[in-house]
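K.L.:
here is the input, now give the coordinates:
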Amino acid sequence: MSETSKQTDTSAHSGSEQPQEAVSGRTTIDPAEVAHFSRIASEWWNPQGKFRPLHKFNPTRLEYLKEQICKHFNRDPLAAKPLEGLRILDIGCGGGLLCEPMARLGATVIGADASTTNIEVAKIHATEMGIEIDYRATTAEALADAGEQFDIVLNMEVVEHVSDVDLFMSATAKMVKPQGLMFVATINRTLKAWGLAIIGAEYVLRWLPKGTHQYEKLVRPEELEKPLQAAGLTVLEKTGVSYNPLNDTWNRSRDLDVNYMVLAQRR
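P.N.:
This is a model prediction of the structure:
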C-alpha cells in the first residue's frame, strides 16, 4: 500500500471542515481532533508513515473481527466471502483501513468520518483498488437520527477522540440491529497506558504524532459498559491487545491495561 499523487493533494486541506450533515444541540465532534487527523490524512495508506502503528495493528483486529462475526452469524470463515449479506458501519473510518478488508470479505460497508478530508482519501483509494464502499462525511448522531441500522457497528480507535463519550456510545448503539454486534477498540485510562501509548509511542518511539492521544480522553472499560447497557447491548467479552517488541507484532492478551477491545450484542 502506497501513497498516490491524488491522495497527497488532500493534505492541503486546513482540517477545519465539518461533516455534510449539520449537527444541532449536543455533538460528539471535537474540532481539534478532526483538524489533527485531517492534516495528516494523506498518510493513511502509507504503511511506514504516521499511521504505521495501525497498519501493524490491523491484522490482529481483522482476525478478531472475522472470527467473532463468523461465529456469531454462523458463517464459514474459510469461504471466499464469509460476510456476504451483512451490513457493516465503520464509524470514524479514517482512510478506510478496516472498510476495505471488510468489503473484500463480502460485507456491504458504510464508512463514516467527521473529516471530509479523510473521506476523500478513502474514496480515492477504494476507487483505485476497485472496491465498492459507501463513504460518508457525517457523524454518529446524524446517522442514528436518520434511522440507519446495521448488523455490525465497528467502533474502532475512535471513542478516545470524541467530545462526548456517552452520546457517541448511545448513538452508535442505536444503530445495531436486534442480535447485531458492536466492536469497540480503544486505550485504557491507566498509568501504564500513559507511559506506553502516549509517552512511549508518541514522544520516545515517535510512532504517532505528538498529541494524537490525550490522557484525560482515554476510556476505561467500565465507562463503555454503562452506556452500552443503557442502550440495550450486552457485553459478551473484553480482550486486551499487547505489543511484542521482539517480533514487532500485536497479539491478543488478557491484559486490558493499555489497548483493549470490547464485543457487545443487542439483546
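
K.L.:
so the most centrally placed residue in the chain bridges to which residues?
P.N.:
Closest residue to the average C-alpha location of the chain: residue 156 at 2.8 Å, with CA atoms, centre = their mean. Here residue 156 sits in beta bridges with residue 185, as judged by DSSP bridges.

K.L.:
that one contacts residue 98, correct?
P.N.:
Yes: counting by CB atoms under 8 Å, residue 98 is a contact partner of residue 156 at 6.2 Å. (Glycine included, C-beta is placed from N, CA and C.)

K.L.:
okay, and the common contacts of the two?
P.N.:
Both residue 156 and residue 98 are contacted by 61, 90, under the criterion CB atoms under 8 Å, 6 or more residues apart in numbering.

K.L.:
which residues of the stretch 1-150 of the chain score low on pLDDT?
P.N.:
1-25 (pLDDT under 70).

K.L.:
tell me where the stretch 51-200 of the chain has strands.
P.N.:
87-91, 108-113, 134-137, 150-156, 176-187 (DSSP state E, counting those that start in this stretch).

K.L.:
quick check: nearest residue in space to residue 107, chain neighbours excluded?
P.N.:
Closest residue to residue 107 apart from its sequence neighbours, by CB to CB, 6 or more residues apart in numbering: residue 83 at 3.9 Å.

K.L.:
from what I see, that neighbour and residue 101 are in contact.
P.N.:
No: taking contacts as CB under 8 Å, residue 83 lies outside contact range of residue 101: 9.9 Å.

K.L.:
and those two? Which one has more around it.
P.N.:
Legend: neighbour count by other CB atoms under 10 Å for residue 83 and residue 101, higher for residue 83 (26 against 19).

K.L.:
so what's the more buried one up against?
P.N.:
Residue 83 touches 66, 69-70, 75, 102, 105-107, counting by CB under 8 Å, 6+ apart.

K.L.:
over to residue 178?
P.N.:
Contacts of residue 178 (CB under 8 Å, 6+ apart): 266-267.

K.L.:
for the one 10 residues further on, same thing?
P.N.:
Shown here is residue 188, whose contacts under the criterion CB under 8 Å, 6+ apart are 218-221, 256-260.

K.L.:
PyMOL command for the buried members of the residues you listed?
P.N.:
Here is the PyMOL selection string for the buried members of these, based on 16 or more other CB atoms under 10 Å:
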select buried, resi 218+219+221+256+257+258+259+260
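
K.L.:
among the contacts of residue 188, which are in strands?
P.N.:
259-260 (DSSP state E).

K.L.:
now the contacts of residue 188 in CSV, with distance to residue 173?
P.N.:
Shown next, in CSV, are the contacts of residue 188 (distance: CB to CB, whole Å):
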residue, distance to residue 173
218, 20
219, 15
220, 18
221, 16
256, 21
257, 25
258, 25
259, 22
260, 18
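
K.L.:
now the contacts of residue 188 in JSON lines, with pLDDT and distance to residue 125?
P.N.:
Output for the contacts of residue 188, formatted as JSON lines (pLDDT from 0 to 100; distance: CB to CB, whole Å):
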{"residue": "218", "pLDDT": "97", "distance to residue 125": "29"}
{"residue": "219", "pLDDT": "97", "distance to residue 125": "29"}
{"residue": "220", "pLDDT": "97", "distance to residue 125": "34"}
{"residue": "221", "pLDDT": "96", "distance to residue 125": "33"}
{"residue": "256", "pLDDT": "97", "distance to residue 125": "32"}
{"residue": "257", "pLDDT": "97", "distance to residue 125": "34"}
{"residue": "258", "pLDDT": "96", "distance to residue 125": "29"}
{"residue": "259", "pLDDT": "96", "distance to residue 125": "25"}
{"residue": "260", "pLDDT": "97", "distance to residue 125": "28"}
